[in-house]
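>>> Build me a structure from this.
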Amino acid sequence: HLQSLPLVNLVNASCATLEVDMSVPLGVAHAAGLPITAAPAASDKARRRNRRKELTEEQKQEIRDAFELFDTDKDQSIDYHELKSAMRALGFDVKKSDVLKVMQDYDRAGTGKISFPDFSEVLKDWILARDPREEIEKAFRLFDDDGTGKVTVRNLRRVARELGENMSDEELRAMIEEFDTDGDGEINLDDFASIMTGDT
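Predicted coordinates:
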């Protein structure tokens, strides 16, 4: 797997640069042009199941950083507008109704604001509700910018260039060959999913 490391590194670097959260796995940020839909309302059973799962320390820190960034008056709570901005910064394409529902559910004191613990609970549920396969498909589309259903040398060249990596076509072809299971010289979605999940 000598060539696999450069391709995995290129994919990881691309996802990081495009604010794709690899630990979710692959939460594609709104800024990358591929919005994440709001998490569906979870049943009590689903909420209990999600609570058993834990966020990574990095995800917890991203939630805290977003809260602190958008708590513009530094009163340890955020209002509707700050909440909407913070959720979008974390990659969720929220609608007004989504934000109003969160405010209604968590603004128990009727102040028009929610605290960090409540914000963190909401985001934890939403992050854990993400569909990993859907996130992989969104990340794949970042590479497959021409919509062919395959990642080609041309696609990898573009991504490498965007990341400031100077790689020859020979190096890019070698990277593709490492993961190209059907031998067509391109990476399909299943090959890409294997790269992303480490299942190679």
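>>> After the one helix or strand residue 174 maps to, which helix or strand is next?
For residue 174, the host element (DSSP states H and E) is helix 169-179. In the C-terminal direction, the helix or strand that comes right after helix 169-179 (DSSP H and E) is strand 187-188.
>>> just checking, what packs against that following strand?
On a contact count with 3 or more Cβ pairs under 8 Å, 6 or more residues apart in numbering; DSSP states H and E, strand 187-188 meets strand 150-151. Heads up, the C-betas are built off the backbone N, CA and C, glycines and all.
>>> what lines up beside the strand it packs on in the sheet?
strand 187-188 (antiparallel) (DSSP bridges).
>>> Run through who's touching the strand it pairs with.
149-151, 176, 179-182, 195 (Cβ atoms under 8 Å, 6 or more residues apart in numbering).
>>> how does it look with 7 Å?
If you take Cβ atoms under 7 Å, 6 or more residues apart in numbering as the criterion, strand 187-188 is touched by 149-151, 176, 179-180, 182.
>>> sorry, back to before: convert the C-alpha atoms of the helix holding residue 174 to PDB, please.
Presented in PDB, the C-alpha positions along helix 169-179 are these (Å, rounded to 0.1, in the frame of the first residue of the first chain):
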ATOM      1  CA  ASP A 169       0.100  12.700 -13.500                       C
ATOM      2  CA  GLU A 170       2.100   9.500 -13.000                       C
ATOM      3  CA  GLU A 171       1.800  10.000  -9.200                       C
ATOM      4  CA  LEU A 172      -1.900  10.600  -9.500                       C
ATOM      5  CA  ARG A 173      -2.400   7.500 -11.700                       C
ATOM      6  CA  ALA A 174      -0.400   5.400  -9.200                       C
ATOM      7  CA  MET A 175      -2.700   6.600  -6.400                       C
ATOM      8  CA  ILE A 176      -5.800   5.700  -8.400                       C
ATOM      9  CA  GLU A 177      -4.400   2.300  -9.300                       C
ATOM     10  CA  GLU A 178      -4.100   1.500  -5.600                       C
ATOM     11  CA  PHE A 179      -7.800   1.700  -5.000                       C
END
